[in-house]
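In: Structure for the following, please:
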Amino acid sequence: MKRWSIDPAARGTGGLTPYFPVTDRSPLGAISSRLRTGERYGPLNLPGGPVYFEVTGKKEAPLDRDTSLARRFAEARKETLGMKQRRALTLRLAALAKEKGVDVYEDRLKALTVSPIPMMTFRILGFGGRMLAVPFVTPELDWLGVDVPKGNTVP
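Out: You can find the predicted model right below:
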């Protein structure tokens, strides 16, 4: 490895890598999981060049780490629900803008300069005090180009 590898990190470690989950570094992780310690595999043509490797050790995954299909399904469900909620919010904002008669002047909106640096200031309170005010607001402009459906949109 020190002599033939073009990867400087691999040359420095002699080709040894730390343990990694079999789901990482596709297809090396899946192939390595089927091999026993000491077995070699290759050459394998990968985008970075040909790879020939030997499994030097294996370790069981920690039991507290959930790698099940149910966890992946729950994450996919959560992401899909978030996308549906964002879509419902976008449709509701577009419906309210149409109902209230909001006009957006695209040329003025594009000419508006906004600093990407978040603002931090002190808000003066009525009784002589002050408090820290940091308005981190995410822009919600997705509704501008949306056609409102005919039915009532409820988020």
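
In: residues in contact with the closest residue to Val134 other than its chain neighbours?
Out: Once flanking residues are discounted, Val134 sits nearest to Met120: 5.0 Å by Cβ to Cβ, 6 or more residues apart in numbering. The way it works is simple: take the backbone N, C-alpha and C, and place the C-beta from them, glycine included. Shown in contact with Met120 (Cβ atoms under 8 Å, 6 or more residues apart in numbering): 132-134.

In: Against Leu141, how distant is Arg108?
Out: According to Cβ to Cβ, to the nearest Å, Arg108 and Leu141 sit 13 Å apart.

In: buried set for stretch 89-108?
Out: Across stretch 89-108, burial judged by 16 or more other Cβ atoms under 10 Å covers 90-95, 97.

In: hmm, back to that, reformat the contacts of Met120 as a markdown table; add pLDDT and secondary structure.
Out: Shown next, in a markdown table, are the contacts of Met120 (pLDDT from 0 to 100; DSSP: H, G, I helix; E, B strand; the rest coil):
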| residue | pLDDT | secondary structure |
| --- | --- | --- |
| Leu132 | 77 | strand |
| Ala133 | 73 | strand |
| Val134 | 70 | coil |
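
In: Return the closest of these with respect to Leu69.
Out: Val134 (41.3 Å; Cβ to Cβ).

In: And the residue nearest to Val134, what's its pLDDT?
Out: Looking at Met120, its pLDDT reads 71.

In: same check, this time on Leu81
Out: With respect to pLDDT, Leu81 has a value of 94.
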